[in-house]
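**Student:** starting from these lines, generate the structure:
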Amino acid sequence: MNAMLLVRALRDPASLGPDTDWTGLISAARAEQLSFSLAVRMEGRDVPARIAAIFESARRDAAYARTQALWEAEMARRALAPLGVPVVLLKGTAFHAAGLDACRGRSVGDLDILVPRTAIERVEEALIAAGWERLKPAEGYDDLYYRRWMHELPPLIHRTRDRMIDVHHTILPPTARPTPDADALIADSVALESGLRILNPSDMIVHAAAHLIADGDLAGGLRNLWDIDRLLREFEAADPDFWTKLDGRARRHQLGGAVRRAVRLAHQLYATPVPAGWRGRRPADGLFRARLVARNAWGQERRKGLRFLFYVRGHWLRMPPLMLARHLWTKARSKGA
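**Tutor:** Presented below is the predicted three-dimensional model:
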């Protein structure tokens, strides 16, 4: 089970020996979008020459990805500055912009930002005026679905830089069971020198846990969990009251269960140091762990039945049963047309 080899390599690089299945390890890391993080963790380690060359290339790519992510954030800042609304960076770009430990080797795909719901239309108009374009046809079903039921606008892509931006007005779909306090996320965010903002430490963990546990099928979950491990280690070291604050914010956002499960999984897989009251195991934790590491020796996903179970669970969490049935029926009809 090479995903477990990847977990072990990230958790304790010194544990890898001369008999390591390097091909399998690198395949799993690439599949989980953790190849940059693995390369950073393995820096300075004695590895075969061909593997050292792969890691060195990955570290160069990681440095370029960081520059690209920060430039894209700056472009969004310039486009939105005239509006005078708070713009909160999310996920990997936020880690890089704030220089957090979690940014070391962190790959970044889309630029994710959070803005007030009341400003969402003006934000979209400003981005389109600055060169971003809609990916989905206006007034089509997908466009309507995003605008009515999702926590973000339909994705936008820049016409010349070919980079996508996801504009959020909260961190979970309004149809989901938990209802995070979006106003509090923005009001209690932290300003950066650039004028952009990031979530406060507790809310950053809450958002990562929501993305991992409460909003999807856990695809790519090992990277999300690695983010949580890195963030928890840094935030705990900086603030002796961090765990109390995290518990309070998780409850405020109705995500106490998701946060605690994410913390337990980080402790179980990455040996993240957490207080005794946050440890232990729950009956379903084993299923989550199995889903997170379900890859074969080539980095391909395995355990199709388990993956389908979490796929169904992800949709179930996002919307009530009747709405889900209508959505799946509409999507099936559109594909068959």
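
**Student:** which residues does the closest residue to residue 209 other than its chain neighbours contact?
**Tutor:** Nearest residue to residue 209, sequence neighbours excluded (C-beta to C-beta, 6 or more residues apart in numbering): residue 262, at 3.8 Å. For every residue, glycine as well, the C-beta is placed using N, CA and C. Residue 262 is in contact with 205, 208, 209, 212, 213, 225, 228, counting by C-beta atoms under 8 Å, 6 or more residues apart in numbering.

**Student:** to what extent is the last one buried, counted in neighbours?
**Tutor:** Close neighbours of residue 228, defined as other C-beta atoms under 10 Å, add up to 24.

**Student:** again with the first one
**Tutor:** The number of residues packed near residue 205 is 26, by other C-beta under 10 Å.

**Student:** wait, is it part of a helix?
**Tutor:** Yes - assessed by DSSP: H, G, I helix; E, B strand; the rest coil, residue 205 belongs to a helix.

**Student:** check contacts around the residue lying closest to residue 218 once chain neighbours are set aside.
**Tutor:** Closest residue in space to residue 218, ignoring its immediate chain neighbours: residue 291 at 4.8 Å, by C-beta to C-beta, 6+ apart. Residue 291 makes contact with 217, 218, 221, 303, 306, 307, 310, according to C-beta under 8 Å, 6+ apart.

**Student:** what's the helix or strand for residue 291?
**Tutor:** helix 285-292 (DSSP states H and E).

**Student:** list the buried residues for that helix?
**Tutor:** Using 16 or more other C-beta atoms under 10 Å as the test for burial, helix 285-292 gives 288, 289, 291, 292.

**Student:** immediately after it, which helix or strand?
**Tutor:** helix 304-318.

**Student:** mean confidence for the helix holding residue 291?
**Tutor:** Mean pLDDT, computed over helix 285-292, is 90.

**Student:** can I get it as PDB, trimmed to CA atoms?
**Tutor:** As requested, the backbone C-alpha atoms of helix 285-292 are provided in PDB (Å, rounded to 0.1, in the frame of the first residue of the first chain):
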ATOM      1  CA  ASP A 285     -12.100   6.700  11.600                       C
ATOM      2  CA  GLY A 286     -10.900   3.500  10.100                       C
ATOM      3  CA  LEU A 287     -13.000   4.000   7.000                       C
ATOM      4  CA  PHE A 288     -11.600   7.500   6.600                       C
ATOM      5  CA  ARG A 289      -8.100   6.300   7.000                       C
ATOM      6  CA  ALA A 290      -8.700   3.500   4.400                       C
ATOM      7  CA  ARG A 291     -10.100   6.000   1.900                       C
ATOM      8  CA  LEU A 292      -7.200   8.400   2.400                       C
END
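
**Student:** run through the strands of this protein in chain order.
**Tutor:** With DSSP state E as the criterion, the chain has strands at 88-89, 111-114, 132-134, 156-158, 164-168, 190-191, 197-198.
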